[in-house]
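K.L.:
I need the structure of the sequence given here:
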Amino acid sequence: MNYPIYLDYNATTPSASEVIEAMLPYFGTHFGNAASKSHPYGWLAENAVETAREQVANLIGARPKEIIFTSGATESVNLGIKGTFESYQGEKQHYITALTEHKAVLDTFAEIEKRGAEVTYLPVDSSGNISLEELENSILPHTKMICLMWANNETGVIHPVKKIADLATSRNIIFFTDAVQAAGKIPVFTKGIHLMAISAHKLYGPKGVGALYVRHNHDLPKPLAQIHGGGHEKGMRSGTLNVPGIVGFGKAAELRLAEIKAEAQRLETLRKKLENRLLELSNTFLNGSQQSRLPHVTNIAFGGVEGEELLKMVNQKVAVSSGSACTSISPKPSHVLAAMGLSSDLGRASIRFSLGKNTTESEIEMVLNWVKKVVLELRKP
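P.N.:
As a prediction, this is how the structure comes out:
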């Protein structure tokens, strides 16, 4: 198949060749169940899992025992939020999040609202930033959790995580961050953070595996298990462990830790070139902050074109996303861009370009030529 140039690395990344190589033996030769404690097949699988647990912990600055393996970030989010809600069962509960969170977070909060939780959804400004003052003013005596993503998946905007963590610590409130787009792309930390969701397939690991960081040694409740049946993962997530996936996750984390700084600098240079040249087109706008954002992401609105047609034509040669939740009938504007104040038309005519390890300068040149050609063609009267 003649694939287009891939600039949708925020959606998923290809597994690194080293990751695939590390995983392969655990599909066949070393096929043991990590919970089989009585023979070498199980011992070897368990050792591989524990090595990976340490590798993932190292990526985010955690201890291995604080890593709970899951099927991905969506499960981690559900475990963190629903599990915390259930741990406070019987108490009046209030949670704080933002309108620009991933749907995994927003839909999970909608679910616990049905069960009686109060949820405050913080607005953002036109750059996608929350107000720390508004965050602090939203805290109530019965606030149990602040849940804010590290970096936005559509715009790349980075929240002031350290300040949020300090605020949560000062008020003795659980701080949960969805770090899916940040971990492996920029340095992250766990100080002041109680829960963190991460995913392997966003950092050149396999799909179907993720983790929830659960901080130890504090007096606030830990989330209660949402999947029962065997007491795996310290009783927090039952089920036979996906040993090949976990091994791949660990290898991917190890690789990212080694190359994160140099790769971020390389991608930021390419991103700036792409962004600056596209913004030379009239009636184009950058969505999101220019100050604090991921180095490999840009989200650009193209005025004067119809969004569905723009995306369809661009994707003939460049694989990108609009950041919209599309149905088969008509695309809806992104909830993130809508929260930032973009009109429906401009929101639909916005494209997220996310670069990655395989992105080259020559590809960026080809993307620039093609996108400019498409936009100018669509703007013809």
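
K.L.:
my read: residue 3 touches residue 319, true?
P.N.:
Yes. Using Cβ atoms under 8 Å, residue 3 is in contact with residue 319, at 7.4 Å. C-beta here means a position set from N, CA and C on the backbone, and glycine is covered the same way.

K.L.:
which of those two has more neighbours?
P.N.:
residue 319 (15 against 6; other Cβ atoms under 10 Å).

K.L.:
beta-bridge partners for the more buried one, please?
P.N.:
Counting by DSSP bridges, residue 319 forms beta bridges with residue 6.

K.L.:
so who does it touch?
P.N.:
3-8 (Cβ atoms under 8 Å, 6 or more residues apart in numbering).

K.L.:
and residue 79, by the same measure?
P.N.:
Going by Cβ under 8 Å, 6+ apart, residue 79 touches 68, 70, 212, 223, 225-226, 236-237.

K.L.:
so what's residue 212 closest to, chain neighbours aside?
P.N.:
residue 76 (3.9 Å; Cβ to Cβ, 6 or more residues apart in numbering).

K.L.:
before we move on, what about residue 150?
P.N.:
residue 182 (3.8 Å).

K.L.:
from what I can see the one you found touches residue 157, true?
P.N.:
No. Under the criterion of Cβ under 8 Å, residue 182 is not in contact with residue 157, lying 11.1 Å apart.

K.L.:
and for these two, which residues touch both?
P.N.:
residue 151.

K.L.:
residue boundaries of the strands in the stretch 201-350 of the chain?
P.N.:
210-214, 284-286, 297-302, 318-319, 350-354 (DSSP state E, counting those that start in this stretch).

K.L.:
whoops, the stretch 51-200 of the chain was the one
P.N.:
67-70, 94-98, 118-122, 143-147, 174-178, 195-199.

K.L.:
buried residues in the longest helix belonging to the chain?
P.N.:
The longest helix of the chain (DSSP state H) is helix 243-278. Neighbour-count burial for helix 243-278 flags 243-257, 260, 263-264, 266-268, 270-271, 274-275, 277-278 (criterion: 16 or more other Cβ atoms under 10 Å).

K.L.:
name the helices or strands packed onto that helix?
P.N.:
Under the contact definition 3 or more Cβ pairs under 8 Å, 6 or more residues apart in numbering; DSSP states H and E, helix 243-278 sits against helix 17-23, helix 40-60, strand 297-302, strand 350-354, helix 361-378.

K.L.:
residues in contact with the shortest one?
P.N.:
By Cβ under 8 Å, 6+ apart, the list of residues contacting strand 350-354 from outside reads 7-11, 154-156, 271, 274-275, 287, 296-302, 307, 310-311, 314, 320-324, 334, 337, 342, 367, 371.

K.L.:
what of stretch 97-109?
P.N.:
Contacts to stretch 97-109, defined as Cβ under 8 Å, 6+ apart, come from residues 73-74, 77-78, 81-82, 95, 117, 119-124, 128, 130, 146-149, 152-154, 157, 178, 180, 325, 335-336, 339-340.
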